[in-house]
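Novice: Everything below, folded, please.
(chains A and B)
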Amino acid sequence: MKKVNVEINGKKVIKDIPDHTLLSVFLRDILNLTGTHVGCDTSQCGACVVFADGKSIKSCTAFAADVNGSKITTIEGLAKNGKMHPMQEAFKKLHGLQCGFCTPGMVMSAVDLLQNNKNPSDTEIREWLEGNICRCTGYQNIVAAVKEAASKM
Amino acid sequence: MASLVGSRVERKEDKKLLTGRGKYTADVNFINQTFAYFVRSPHARAQIKKVDIAKAMKASGVVSILTGADIANDKIGGLIAGWRIKSEDGSDMKVPAHPPLANETVNYVGDHVAVVIAESLDEARNAAELVKVDYKILKAVVDTNKAMNSDQIYKDIPKNLCFDWLLGDRAKVKEAFEKADKIIKIDLINNRLIPNAMEPRAANADYNPSTEEITLYTTSQNPHLARIIISAFNGVAPENKLRVIAPDVGGGFGSKIYPYAEEVVCSWAAKKIERPVKWVADRTESFLSDCHGRDHVTHAELAVKNDGTFLGFKNETIANIGAYASVFATVTPTYLFGPCATGVYKMPAAYTNVKAVFTNTAPVDAYRGAGRPEATYTIETLVEKAARELGMDPAEIRMKNFPTQFPFQQTLVHSVDSGDYVSGLKKAMEVADYKGFEKRKRDSASRGKLRGIGLCSYFEACGIAPSPVVMMLGCGIGLWESAEVRFNPTGNVTVFTGSHSHGQGHDTTFAQIAADQLGVPIENIEISHGDTDKGPFGYGTYGSRSLTVGGTAIVKACDKIIAKGKRVAAKMLEANVDDVEFSNGEFVVAKSNKKKTIGEIAFACYLPGTYGEVKSPLPEGEEPGLKETSFFDPANFSFPAGSHICEVEVDPETGETKVAKYTAIDDFGTIINPLVVEGQVHGGIVQGIGQALYENCHYDNTGQLVTASYMDYTMPRADNFPEFDLGFTCTPATSNPLGTKGCGEAGAIASPPAVMNAVMNAIGTEISMPATAEKVWKACNQNKKKNSEAA
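Specialist: All right, here's what the predicted structure looks like:
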C-alpha cells in the first residue's frame, strides 16, 4: 500500500491505495470522479486526460502514487463557480461533442494546447489533438471550438 | 413564438457531458458490487474438453465462477439471429446454437468460456488466469472467399453456408446483358472493420430479492430490445421482472443495438448470487468481441450501351458473418444491401446474390450504414470504371442514368418517394469547383504530387421501417416507434421516446419538435429515454430511424394532446370545440379574445374542480390528466440521397494519401437542427474515410486477431483531415409529417467510394481498401516500372 497525498480540483486528498493503482482508477473508483473516462489502456485514445501540475497527462498510464504531491485537475474541476470554462462553452456552442465519451479528455487536451499556444492554426490544433480519438464528430467542430475558445481567452 | 425546427439550437445534453457529469454504465456502482471477468477462448476453433475451476475458486476474493455447463443447467437460452432469410432454393437459413457461455466448442478468439466473479476487478482478473481450460484445437476457417471450401465448422451447416440468397431476376439480367455494347466488371473486397465506439461495452446487473426484479444497466442503443431478448429468448427473467437502463451511451454505430453474451451472463449471474455483477470491457476485449462490420467479397458487372445508358447489373457477393449469426447479421448483407445495390440509377434489370458464410471470427453485424455502404461502394466504383472505359465524364454518366420522376420505382424493392439527384450532383460540382480540378491537378503535379478526383452519388433506404414490410421479409420484430407526451400539472412536459440517444442529440432535437408542436418553451421540455421502466416499449436507435419514426410518434402524441386540449378549452371557454384553434401554445376561440394557454389547460386537466362549487372544467366523459401515447409505424422507408466529391493528393514517393478537398451535398429532407446534422455528416465522412484509407481488421490464418489494439488498428485522427465543405438540398419525405429522411449513416455510405475513386483517379490503378501508404506506394512503383518498360 502507498499513501497518496494530492490536491484534486482544489481539495486535499489523502488515501492509502494499492501500489499499482492507476491514476484513472484512483479518480474513478476511489474518488468517484467519473468524468475522467477510460477508452483504452494503451495511452492511445486520450479520453482519460487530466492535468498534473497544470500539464496534460494520460491518467490510464500513470500510477496514482507517481503523482503524489501534485495538483490534479480533472474535467470536474474545469468550471469555476458554476461557470463553464471558455473551452467547454465553445464545445457546446459549436457542437464539438456528440456522445461525450472522449469529450473530457479532448477538452483537457485542448485547454493544454492553448496554454502552450494562444492562437493555434487549424493544422496545429489537429496535430496537437492527434492523441485524442473521437469516433463521433469527425473532428471538424472540435477544431472550430478550439479556435473559438482561443478567441475568447 | 419563433419556430425551433430548423434552428441551430445548442444541445441540452452538453453541459453535463462537458463538465464530467455524464453517467455512463461504467460509472454506475451498486452497494455490495461484484466484478466480472470473462475467460475467453485464445483459439479460433476448438473443442472444450474440460474446464477446471477448482484452483481459481480458491483464489482471493472469488465469489463465483460460472461456465457453459452452468448456463446449460439453468436452461438459459442462446443468443439469437433476429431476421430469417430464405435461400434462393426456398430453404431456410442455417444458424448454429450460440450459448452465452460456450459449452462444447469455441468458435472465435474471444468467445466466452467462463465468467469469474469476485470482490474486485483485480481479483476477478487474477483468478481468471487460474481457470484451466483443456482445448482440442481444430483448424480454423478465416478467409471469407475460401470459407465455403474449407473445413466444416458446424455439423449441420454444410459449406459453412448460412444462406444463398437472391434478390432480382437472373433471366431478365441475362437478357439485358445480351443487348449490351459493353460489360464492365469489377472485383472488390469491402474490408472488415471494427466499430470502436469510444465507450467500451459494459453491463452492471443488480438483483433485488425482495421484488425478484433484475435491473440491468447496459451500453445499449436499444434497451427495450435488450429486455425482450434477455427475457423471451435467454429466459433470464420475465419482462415484468427485468428493467433495462441504458444511461448515457458513448457511441454505438450499430455495435450496441442488441444484447451480447455479457449482458445475459451478468443478469443471470446477479440473480444467481444475489449480488450486483459488473463487467466493463477493456479495449482489447472490445476489439475481440464487439460485432465487426462489412467483410464482403464481391464480383459485380454492369451492362452498358456505348452512350453510357445502364442496361443491367449483377452482383455476386460472399458476406462473412463470423462465427455465429448475430441479431442483424442476416439482414445486413441481404435486405439492407441488395435493394440499394443498383444505386441511384434507372437500372432495367438487376440481381444481387449473397452467400453468407460462417468463419471462426467475431460475429459481423450492422455497422454504420449496414449493407448500404457495401452496396454503394460496389455500384459507385463500378460506375466510375464504366465512365473510364467509355471515355465519359464520371458526372455525365451519373446524370444520364439518374431518375428524374418521383416517386421512383427502384429496380429491386423500393418505391423512392422523393428526391432530386440531378440538382444534388450539380450543386456538389459547383461547391467542389469541379471545373477547376485540372488546374489543381497541375498545381499538385508541380509539387511532385498526384491529384485525383472521385465522385459518389448515393441513396439509402433508412428510417427503418414499416413493420408489415420488414416482417414479411423475415424480421422477427416490428419497427414502429413510440412516444408518450406527458404534461405535468404545473405545465412543463416530459416526452418519453422508445428510441435512444447515444450521441445524436435527441434531448435537443426531439425537444425542438415538441416545443414547436405544443408552444411550450424548450427549457420546459424533458426528453426521457433509455429506461424500460419509464417510457413505453420502443425499438431504439439505428438505421437513421429515430427522427423519422420516433420523432413522428412525438408529433402524433402532441396532436392527441392538442385535440384533448381543444375539447377542454371549449368547455372552459363555453365555446364550440370546432371554433377552438390552437397556435403558439394557446387555445383561442375564433373571432373572440377568449383563450387559454396550454399550461392552464394542463392544470385544469389535473385539477378538474372548482373551489366552492361542484363544477369541472372537463367535458362530460372526458378523463382527467393530460398524457398521450402514440405508436407510429411508417408507410415507407425514407430515402436520403446526395453526391459527395473527394479530391486526394498522393505522394508517389511515400504512398501517403491525403484527402485534400471534400464536398458533401446531402438531401435529408427537412432538417430539424443543422448544427446536429452537420455533426452527423462530419462524423460519417470520417468513418468512411477511415475505411477507405486507414482501418482494417486483420485475422491471421489461424484466426488470431492481429489488429486488437489502437497500436495495430488505425483509427482516423484529427490530423488526417481537411475541413469538409457541406451543403444541402431538400426534397421533403412524404412518408412522415416532418418531412425528414435521416442523416446518421450518409457520410459513411458516400465517402468510401468517393475517396477510392479519387485515389484510383490519382494513381491510375485499381486498389483495394484501405488504400494505405504501403499499398499506394507499391501501386505507384508498379506503374513506374510498367511505364519505363513501355518506354
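Novice: Name the residues of stretch B:422-440 that come out as buried.
Specialist: Across stretch B:422-440, burial judged by 16 or more other CB atoms under 10 Å in any protein chain shown covers B:423, B:424, B:425, B:426, B:427, B:428, B:429, B:431, B:432, B:434, B:437, B:440. To be clear about C-beta, it is placed using only N, CA and C from the backbone, and glycine gets the same treatment.
Novice: any bit of the helix or strand harbouring the fourth one sitting next to chain A?
Specialist: When secondary structure is defined using DSSP states H and E, the element that contains residue B:426 is helix B:421-431. No - no part of helix B:421-431 sits near chain A under the criterion CB under 8 Å from any CB of the partner chain; the closest distance found is 15.7 Å.
Novice: Which other helices and strands does the next helix or strand after that helix contact?
Specialist: Next helix or strand after helix B:421-431 toward the C-terminus (DSSP H and E): helix B:437-446. For helix B:437-446, the elements it packs on are strand B:450-459, strand B:641-650, strand B:657-667, judged by 3 or more CB pairs under 8 Å, 6 or more residues apart in numbering or on different chains; DSSP states H and E.
Novice: tell me the mean pLDDT for helix B:437-446?
Specialist: On average, the pLDDT along helix B:437-446 is 98.
Novice: can you list contacts of it?
Specialist: Counting by CB atoms under 8 Å, 6 or more residues apart in numbering or on different chains, helix B:437-446 makes contact with B:450, B:451, B:453, B:647, B:649, B:660, B:661, all of which sit outside it.
Novice: now those as TSV including distance to residue B:347 and pLDDT?
Specialist: Output for the contacts of helix B:437-446, formatted as TSV (distance: CB to CB, whole Å; pLDDT from 0 to 100):
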residue	distance to residue B:347	pLDDT
B:450	33	98
B:451	32	98
B:453	25	98
B:647	28	98
B:649	34	98
B:660	32	98
B:661	30	98
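Novice: who wins for most neighbours among those?
Specialist: Highest neighbour count within the contacts of helix B:437-446: residue B:647, with 27 neighbours (other CB atoms under 10 Å in any protein chain shown).
Novice: Please name the bridge partners of that residue.
Specialist: Beta-bridge pairing for residue B:647 (DSSP bridges): residue B:453, residue B:661.
Novice: What segments of the stretch 501-650 of chain B are helices?
Specialist: For the stretch 501-650 of chain B, applying DSSP state H, counting those that start in this stretch gives helices covering B:506-518, B:552-572, B:598-606.
Novice: Can I get those helices in TSV including mean neighbour count, mean pLDDT and distance to residue B:193?
Specialist: Putting the helices of the stretch 501-650 of chain B into TSV (neighbours: other CB atoms under 10 Å in any protein chain shown; pLDDT from 0 to 100; distance: least, CB to CB, whole Å) gives the following:
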stretch	mean neighbour count	mean pLDDT	distance to residue B:193
helix B:506-518	25	97	26
helix B:552-572	22	97	31
helix B:598-606	22	97	48
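Novice: can you tell which of those is closest to chain A?
Specialist: Nearest to chain A among the helices of the stretch 501-650 of chain B is helix B:506-518; the distance by CB to the nearest CB comes to 9.9 Å.
Novice: how far is the closest one from where the chain is centred?
Specialist: Distance of helix B:506-518 from its chain centroid, counting by CA atoms, centre = their mean, to the nearest Å, is 23 Å.
Novice: Make CSV from the helices of the stretch 501-650 of chain B and add distance to residue B:682 to it.
Specialist: Shown next, in CSV, are those (distance: least, CB to CB, whole Å):
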stretch, distance to residue B:682
helix B:506-518, 16
helix B:552-572, 26
helix B:598-606, 37
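Novice: can you redo the ones you listed as TSV with distance to chain A?
Specialist: Shown next, in TSV, are these (distance: least, CB to the nearest CB, whole Å):
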stretch	distance to chain A
helix B:506-518	10
helix B:552-572	21
helix B:598-606	28
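Novice: Taking chain A, what residue is nearest to chain B?
Specialist: residue A:35 (1.9 Å).
Novice: any idea which element that residue lies in?
Specialist: Here residue A:35 sits in a region with no helix or strand, counting by DSSP H and E.
Novice: Could you do residue B:136 as well?
Specialist: Counting by DSSP H and E, residue B:136 is part of strand B:132-137.
Novice: which bits of the stretch 101-250 of chain B sit near chain A?
Specialist: In this structure, the stretch 101-250 of chain B approaches chain A at residues B:122, B:196, B:197, B:198, B:199, B:200, B:248, B:249, B:250, judged by CB under 8 Å from any CB.
Novice: what ranges do the helices span in chain A?
Specialist: For chain A, helices defined by DSSP state H occupy the ranges A:23-25, A:86-93, A:103-116, A:122-128, A:140-152.
Novice: Next one: the last one, is it in contact with chain B?
Specialist: In other words, helix A:140-152. Yes - counting by CB under 8 Å from any CB, chain B has neighbours in helix A:140-152: A:140, A:141, A:142, A:143.
Novice: now do the third one
Specialist: Yes - contact of helix A:103-116 with chain B (CB under 8 Å from any CB) involves A:103, A:104, A:107.
Novice: quick one: which of those residues is nearest residue B:163?
Specialist: residue A:103 (41.8 Å; CB to CB).
Novice: Quick one: name the residues of the stretch 601-750 of chain B near chain A.
Specialist: B:675-676, B:678-679, B:681-687, B:709-711, B:715, B:717-719, B:721, B:723-724, B:747.
Novice: which of these are buried?
Specialist: Buried, going by 16+ other CB under 10 Å: B:675-676, B:678-679, B:681-687, B:709-710, B:715, B:717-718, B:721, B:724, B:747, out of these.
Novice: In contact with residue A:146, which residues are there?
Specialist: A:87, A:90, A:96, A:110, A:113, A:114, A:120, A:125, A:129 are the contacts of residue A:146 under CB under 8 Å, 6+ apart.
Novice: Cool, thanks, talk later.
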